[in-house]
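Trainee: Any chance you can model this:
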Amino acid sequence: MTATLTDFIQIINDPFKSCAQTLQAFATDKFDFVLCLAGSHTSDVDGISAAGATPQLRRLTPAVDAEALVLGRTKSFAGIPVSPLGIVSPVVITRACLSGMQISPDLVDCGTFVAPQVAHKRVGITPAACVSSGQALPFDVVRDLFEQGQEFGATISASRKGVVIAECVPGGTSSALSLLTALGFDVRRALSSSIPNSNHDARWALAKQGLDIAQAQSRLGNGLSMAAAVGDPMQPFVAGMMLACQTNGQPVMLAGGSQMLAVYALACRVALDEKLPFSGATTVIVTTKWVALDKTAALPKLSQEIGAPLAASCPDFLKSRHAGLRAYEQGNVKEGVGAGAAMALWSLRMGADDLMQVIDACYEEMVSV
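Mentor: Have a look, this model is predicted:
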């Protein structure tokens, strides 16, 4: 059953009875917000991702979103990313919240097509092949990403009081679907999508093809090998970060929905594979209501099956002055660039009364209206 933390944040699944405490740890300013970028040839497939209007633009989206988040404008492309239906990227939401709280995000390139033209840490060397290949990434690349995630997580969590980890991975719900299936979960119709009616069949066709190939080639032995077969570069890096932060006793907010459920499940599996400490009680996944309560998906049930703490920000974008934001209430885009977590952070620190006005103002600064 959905519980209420505040009038704005709904707790969807709370297996350790710790969500409220973990969320409240982020009511101060002593935390890091890290945006992890990655690319995948999966996003080139039409109808798979709304993170850009064309395959070429989807390859640019992580760089452009990162630039927009930091600068309020773009350098790699003229304009903020929009979906095929013309709906603006959720980076507008995240920037509105972070800049209003004077929080400077850290950027990590886990393996993109185009690196952002702003300061960032580069840990990856290549985007993933399409999940349908059954060999999305070389295993040694995945192992290196995981270990770099552990190192980075240990470093930042040693000096902060919590870490928020967001993602920008066009096509990432398809790699999440593929990885969760490899991990043993029945998610064929469970995951939300940036497409309004959750493109289950199109994603499953890619995932099944890749999983069949990987299975035939014995590529699904452990968690990291599964990520190498059908994952993306963000997943092992963030899983490593999460485990390292937990070891340091710091709370972790995984900022996203379907993709972060896959990361959480991967971290659980790798901890089991490699006998690493794991404490889900200090971690919470935070997404938007448009993902968590998506009637074309089943995230509450999936979070219970995974054993993952899950909460959702519940804004009312019908109050927006802009049609491009009101369209979120019709299931367009739904999440990305940590938008759900950013709104939750704002509500915890600032209250939610003026949130829509703040987002509207940022929209007017960043988007032609």
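Trainee: Span of stretch 83-102 from start to end?
Mentor: Using CA to CA, to the nearest Å, one end of stretch 83-102 lies 28 Å from the other.
Trainee: should've said stretch 277-284
Mentor: 17 Å.
Trainee: buried residues in it?
Mentor: Burial within stretch 277-284, assessed by neighbour count using 16 or more other CB atoms under 10 Å, is assigned to 278, 280-284. All C-beta spots, glycine's among them, are computed from the backbone N, C-alpha and C.
Trainee: what does stretch 181-198 give?
Mentor: 181-183, 185, 187, 190-196, 198.
Trainee: Give the rounded mean pLDDT of it.
Mentor: Average pLDDT, stretch 181-198: 88.
Trainee: Offset the numbering so it begins at 55, please.
Mentor: With the count now opening at 55, the last piece we talked about shows up as stretch 235-252.
Trainee: Show residues contacting stretch 254-271.
Mentor: Defining contact as CB atoms under 8 Å, 6 or more residues apart in numbering, one finds that stretch 254-271 is touched by 96, 99, 101-102, 184-190, 227-228, 231-232, 235-236, 242-243, 245, 247, 274, 280, 283-284, 350.
Trainee: Got a quick ChimeraX command for the buried subset of the residues you listed?
Mentor: A single ChimeraX command is used to select the members of these judged buried by 16+ other CB under 10 Å:
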select :96,99,102,184,185,186,187,188,189,190,227,228,231,232,235,236,245,247,274,280,283,284
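Trainee: Which ones among the contacts of stretch 254-271 map onto helices?
Mentor: 227-228, 231-232, 235-236, 280, 283-284 (DSSP state H).
Trainee: Can you tell me which of those is closest to residue 320?
Mentor: Closest approach between these and residue 320, by CB to CB: residue 280, at 7.7 Å.
Trainee: on contacts alone, who are the packing partners of the lengthiest helix in the chain?
Mentor: If you go by DSSP H, the chain has its longest helix at helix 193-213. If contacts are counted by 3 or more CB pairs under 8 Å, 6 or more residues apart in numbering; DSSP states H and E, helix 193-213 sits against strand 217-222, helix 277-284, helix 288-301.
Trainee: Nearest to residue 379 among the ones you listed would be which one?
Mentor: strand 217-222 (18.9 Å).
Trainee: Helices of the stretch 255-404 of the chain, residue ranges please.
Mentor: Listed in chain order, the helices of the stretch 255-404 of the chain (DSSP state H, counting those that start in this stretch) span 277-284, 288-301, 312-328, 343-346, 353-360, 377-380, 393-404.
Trainee: right, so those: which one is the most enclosed?
Mentor: helix 288-301 (a mean of 29; mean count of other CB atoms under 10 Å).
Trainee: pLDDT of it, averaged?
Mentor: Rounded mean pLDDT across helix 288-301 is 97.
Trainee: now the angle from it to helix 312-328?
Mentor: Helix 288-301 and helix 312-328 meet at an angle of 60 degrees, taking axes from the mean of the first three to the mean of the last three CA atoms, to 10 degrees as the criterion.
Trainee: Can you dump the C-alpha atoms of helix 288-301 in PDB for me?
Mentor: Below are the C-alpha coordinates for helix 288-301, written out as PDB (Å, rounded to 0.1, in the frame of the first residue of the first chain):
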ATOM      1  CA  MET A 288      25.700   3.500 -16.400                       C
ATOM      2  CA  GLN A 289      24.400   0.400 -14.600                       C
ATOM      3  CA  PRO A 290      27.700  -1.200 -13.300                       C
ATOM      4  CA  PHE A 291      29.200   2.200 -12.400                       C
ATOM      5  CA  VAL A 292      26.200   3.300 -10.300                       C
ATOM      6  CA  ALA A 293      25.900  -0.200  -8.700                       C
ATOM      7  CA  GLY A 294      29.500   0.200  -7.600                       C
ATOM      8  CA  MET A 295      28.900   3.700  -6.300                       C
ATOM      9  CA  MET A 296      25.900   2.600  -4.400                       C
ATOM     10  CA  LEU A 297      27.700  -0.300  -2.700                       C
ATOM     11  CA  ALA A 298      30.600   1.900  -1.700                       C
ATOM     12  CA  CYS A 299      28.400   4.600  -0.300                       C
ATOM     13  CA  GLN A 300      26.500   1.900   1.700                       C
ATOM     14  CA  THR A 301      29.800   0.600   3.100                       C
END
